[in-house]
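Asker: Sequence first, then the predicted structure:
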Amino acid sequence: MAHEGLWEKLEKLDYAETARRTGCQYLSDPERCVLTMLNTDYIVHIADRSISAVRAASSQRPAEFLEQLCVLAYLINAKDLPLSGKLVNGLALPGGQFFFRGVHCLPTEKLEQVFGSRPQALLEAAKPLRAEKSDFGDASVRLRLLPRLPITIVIWASCEEFEARASILFDKTAAEQLPLDALLAAVGLGVRALTEAASDSN
């Protein structure tokens with residue numbers, strides 16, 4: 001079974017307390033947690049170790065491998081902490097300067113390719129994800145990946161002198177909510193959702 005070690009950790013926790021700590025919903029009989037990630041609800045069925053993804057007006061489907069990783073890691077690790085209000089890049093998170101390198105680089109290049117020549121398209125792509133407009137760069141949005149985990153995506157448009165540039169910024173508390181591998185996976189899901197929404201609107 002995928003993520004067996006994470007399931008074992010989750011099963012040792014008090015589910016009602018886990019829901020309070022993580023900002024998700026706990027339901028009994030049968031025991032399950034409902035967690036919102038981006039614009040999708042994930043129903044965590046504890047007894048049979050399964051996770052279903054339910055998006056408004058669409059059918060239920062099994063969660064993908066990376067979706068499962070993010071959901072389980074968040075339920076296990078997230079803390080009931082207020083946001084610091086201070087934005088930092090991934091390298092400034094504890095351990096980030098060593099982790100976010102090479103194959104673990106944040107997916108800014110994909111954002112540059114899709115939105116670099118049309119930064120305002122980021123704002124349109126973010127609407128279905130209930131993101132909030134921010135005031136950085138040529139276009140920016142604050143996207144809530146998980147209840148206690150927002151990220152800010154900033155696009156600087158390409159011009160004659162400079163190539164397009166994208167930044168992914170975190171609240172300083174981000175590494176308290178998810179281990180870095182799951183954080184990278186969650187960011188990847190967010191970027192994929194944005195770029196797919198942009199291609200759908202073309």
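Answerer: Cool, the structure landed. Given the structure is predicted, the values throughout are model-derived calculations rather than measurements.

Asker: got any ranges where this protein has weak pLDDT?
Answerer: Flagging of the chain using pLDDT under 70 yields the residue ranges 1, 57-58, 201-202.

Asker: Mind jotting down where the strands sit in it?
Answerer: Using DSSP state E, the strands assigned to the chain run over residues 25-27, 32-37, 40-45, 50-55, 61-62, 87-89, 132-133, 139-146, 149-156, 165-171.

Asker: which of the residues in the fourth one are buried?
Answerer: I take that to be strand 50-55. Neighbour-count burial for strand 50-55, counted by 16 or more other CB atoms under 10 Å, picks out I51, A53. Quick note: C-beta positions are derived from backbone N, CA and C, even for glycine.

Asker: now the angle from it to strand 40-45?
Answerer: For strand 50-55 against strand 40-45, the angle by axes from the mean of the first three to the mean of the last three CA atoms, to 10 degrees is 160 degrees.

Asker: Show which residues not belonging to strand 50-55 make contact with it.
Answerer: With CB atoms under 8 Å, 6 or more residues apart in numbering as the test, strand 50-55 has contacts from 39-45, 60-64, 67-68, 71-72.

Asker: ok, back up a step: to E11, which of the strands of the chain lies closest?
Answerer: E11 lies closest, by CB to CB, to one member of the strands of the chain: strand 40-45, at 11.0 Å.

Asker: For the most centrally placed residue in the chain, give me its contacts.
Answerer: Centroid-nearest residue in the chain: L145, 3.1 Å away (criterion: CA atoms, centre = their mean). By CB under 8 Å, 6+ apart, the contact list for L145 reads M37, L38, C70, I151, A186, V187, L189, G190.

Asker: Nearest to A19 among those?
Answerer: For the contacts of L145, the nearest to A19 is M37 (14.7 Å; CB to CB).

Asker: In contact with the closest one: list those residues for me.
Answerer: Neighbouring residues of M37 by CB under 8 Å, 6+ apart: E67, C70, V71, Y74, L145, L146, A186, L189.

Asker: So which bits of the helix ranked longest in the chain are buried?
Answerer: Assignment by DSSP state H gives helix 180-200 as the longest helix of the chain. Along helix 180-200, these residues count as buried under the neighbour rule (16+ other CB under 10 Å): 180, 182-187, 189-191, 193-195, 197-198.

Asker: Show me what that helix is packed against.
Answerer: Contact here means 3 or more CB pairs under 8 Å, 6 or more residues apart in numbering; DSSP states H and E; on that basis helix 180-200 packs against helix 65-77, helix 96-99, helix 108-115, helix 120-126, strand 139-146, strand 149-156, strand 165-171, helix 174-177.

Asker: Mind doing that once more with 6 Å?
Answerer: helix 65-77, helix 108-115, helix 120-126, strand 139-146 (3 or more CB pairs under 6 Å, 6 or more residues apart in numbering; DSSP states H and E).
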